[in-house]
Structure formats: structure tokens, C-alpha cells
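Peer 1: The following block contains a protein sequence and its predicted model.
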Amino acid sequence: MRFDLITLFPEFFHSPLQSGLIAKAIAKGLAEVHCTNPRDFTCDRHHKVDDEPYGGGAGMVLKPEPLAAALESLPVVTPRQVIYLSPQGEPMTQALFQDLATSVEQLVLVCGHYEGIDERVMTWIDREISLGDFVLTCGEIPALALLNGVLRLRPGTIGKEESHRCDSFSDGLLDYPHYTRPAEFRGLKVPEVLLSGNHGAIAAWRRQQQLERTRDRRPDLYQAWQAQQSDLDSH
Ligand SMILES: Nc1nonc1C(=O)NC1CCNCC1
């Protein structure tokens, strides 16, 4: 899988792509990551990538020429999607990551800055995606989150030490609590059932924990899960 990051700050990605499972996946050749800086596609002596907004107002807007030139400079690997990261996009979910991990071989991620990009650049964009309903200083953080979440789902990225099982969102519920040695820590004990060796009881306890946590913390997810269950029960 090829990731192309359109970014004014390629150095932002150096460290996070050099550690952990993502670095291992890249080293194993499961993915290649390329950064392209729109500033390299400017023609003026100041290498201008942004300008004042038409219609006035605060802030700056990323100019269309450098972004379009950067996008057009990329090799094309199909199937591909060109994604603009912005708060106006569809929200990132595990289902969206699953979709991208299984449907494309190239992901181009355009990282926004300032007030945003000139709307005419949307001509080159397939999909707008948001990390969440908040505003950051840069689109690189959402781009990194998306790269991480999608590459994690590609075969070979996570081994037996971590399974996609914990993608509890994939079954619509939050994850259950986890414990490891020691059995007692500062007077805090591990739930007895987890020490029982009774795999049926352990599975039932974990499922119950998922349901209770989702009900208490994310009523929106819980409601959707209940609706999904009633659909399944009625078929
Ligand atoms: N939330 C977000 N999901 O994707 N991008 C997001 C974001 O906040 N981008 C910033 C918006 C203001 N300009 C700099 C980039």
C-alpha cells in the first residue's frame, strides 16, 4: 500500500513513522510512505503557498496552484483515493478504516493548514475526512491517525501479539477491561473470573463488561448496537 502525504511539514512525519508497528510494517514492505511538499511546486521567489481570502476575513488560505501541482506530480496507483483532512469531512470510524484498508492500494492524504484550502482544489479530492468535531492547528495529526488506523488493518501489520479482536468498534461495542500480572497490585485485585480458567465464564464476563461500558460511556453506540441486534434477531 502506498501513502502519499501532501504536507508543508514533511518533518512532522519523520519520528512517528520510525517507531512501533507502523515502522515495522514499512520495513517489511507492507507500505511505503512518501511526503510531497506543495512549497516545492511554487514558482515565485518567495515560494508562496498561501494567500489572503477573497471576500476578506481573518487567516490565510492555501493557494490552489501548488496543491494541484503537487497532486498531479504523484504516481498513480489504482485503486486510489485522494483524501482531504478537514473538520468538514465525514468522521473517522473503524468502519471507515476497514473500508480504506480493503479497497485501495494508494491513499493520498492532503494536510490542511490555516483557514483551509482553496475550494477549487476539491476538483482533485475524492473524499473529505475528519478526525473529529474539533479544530487543530494542522491536518498532519489527522493524516497520521488515518495512516496508522488503516495500515494497522492491513495483513501482516499486527501479529498474534495483538489481534483485530480488540477492534471492539468492529462489533459496535467498546472494549472490555484488561489485566495482567501481578494478581494483586497495591491491594487492587484482578477479577476472580479472569483467574478461574473457565473460558466460558471469562468470555461471558468480558461481553458483559463491553455492554455495560458502552451503555454507560457511549449511549449513542449502545443504541446503534441494540438496533443492530434487533435487526439480526428479526431475520
Ligand atoms: N478535526 C480535523 N480533522 O481533520 N482535520 C482537522 C482539523 O482540525 N484541521 C485543521 C483545521 C484548521 N486549519 C488547520 C487544520
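Peer 2: Alright, I've got the coordinates. Values in this document were obtained by computation on a predicted structure and should not be read as measured data.

Peer 1: so what secondary structure elements neighbour the biggest helix by length in the chain?
Peer 2: Using DSSP state H to define each element, the chain has its longest helix at helix 199-217. Helices and strands touching helix 199-217, by 3 or more Cβ pairs under 8 Å, 6 or more residues apart in numbering; DSSP states H and E, are helix 192-195, helix 219-234. C-beta here means a position set from N, CA and C on the backbone, and glycine is covered the same way.

Peer 1: Lowest average confidence across the ones you listed, which one?
Peer 2: With a mean of 94, helix 219-234 has the lowest mean pLDDT of those.

Peer 1: Run through who's touching that one.
Peer 2: Phe169, Asp171, Gly172, Leu173, Leu174, Leu211, Thr214, Arg215 (Cβ atoms under 8 Å, 6 or more residues apart in numbering).

Peer 1: would you say Val82 is within a strand?
Peer 2: Yes: under DSSP: H, G, I helix; E, B strand; the rest coil, Val82 sits within a strand.

Peer 1: now it: how far from the ligand?
Peer 2: 15 Å (Cβ to the nearest ligand atom, to the nearest Å).

Peer 1: ditto for Glu140
Peer 2: 9 Å.

Peer 1: for Cys35, same thing?
Peer 2: Applying Cβ to the nearest ligand atom, the value for Cys35 to the ligand is 17 Å.

Peer 1: what residue lies at the spatial centre of the protein?
Peer 2: Geometric centre of the chain, nearest residue: Leu146, 2.3 Å, by Cα atoms, centre = their mean.

Peer 1: picking that back up, quick one, which of the helices and strands packed on helix 199-217 is nearest to the ligand?
Peer 2: Relative to the ligand, the nearest member of these by Cβ to the nearest ligand atom is helix 219-234, separated by 18.7 Å.

Peer 1: Need the per-residue pLDDT for the residue lying farthest from the centre of the chain.
Peer 2: Distance from the centre of the chain peaks at Gly187, with 37.9 Å (Cα atoms, centre = their mean). Listed pLDDT for Gly187 reads 97.

Peer 1: Against the ligand, how distant is Cys43?
Peer 2: Noted for Cys43: a distance of 24 Å to the ligand, by Cβ to the nearest ligand atom.

Peer 1: Am I right that that residue sits in a strand?
Peer 2: No: if the criterion is three-state DSSP, then Cys43 is coil and not within a strand.

Peer 1: so what's it up against?
Peer 2: Contact analysis of Cys43 by Cβ under 8 Å, 6+ apart lists Glu65.

Peer 1: so what pLDDT did it get?
Peer 2: 95.

Peer 1: can you check His235 too?
Peer 2: We have a pLDDT of 87 for His235.

Peer 1: Over to Glu162?
Peer 2: In this model, Glu162 is scored at 60, pLDDT.

Peer 1: Domain boundaries for the protein, per the record?
Peer 2: Domain ranges of the chain: 2-152, 168-234, per the TED database.

Peer 1: hmm, back to that, what's the helix or strand in which the residue nearest to the centre of the chain is found packed up against?
Peer 2: Following DSSP states H and E, one finds Leu146 within helix 140-153. In terms of contacts (3+ Cβ pairs under 8 Å, 6+ apart), helix 140-153 is packed against strand 2-6, helix 20-27, strand 80-91, helix 94-103, strand 106-111, strand 127-130.
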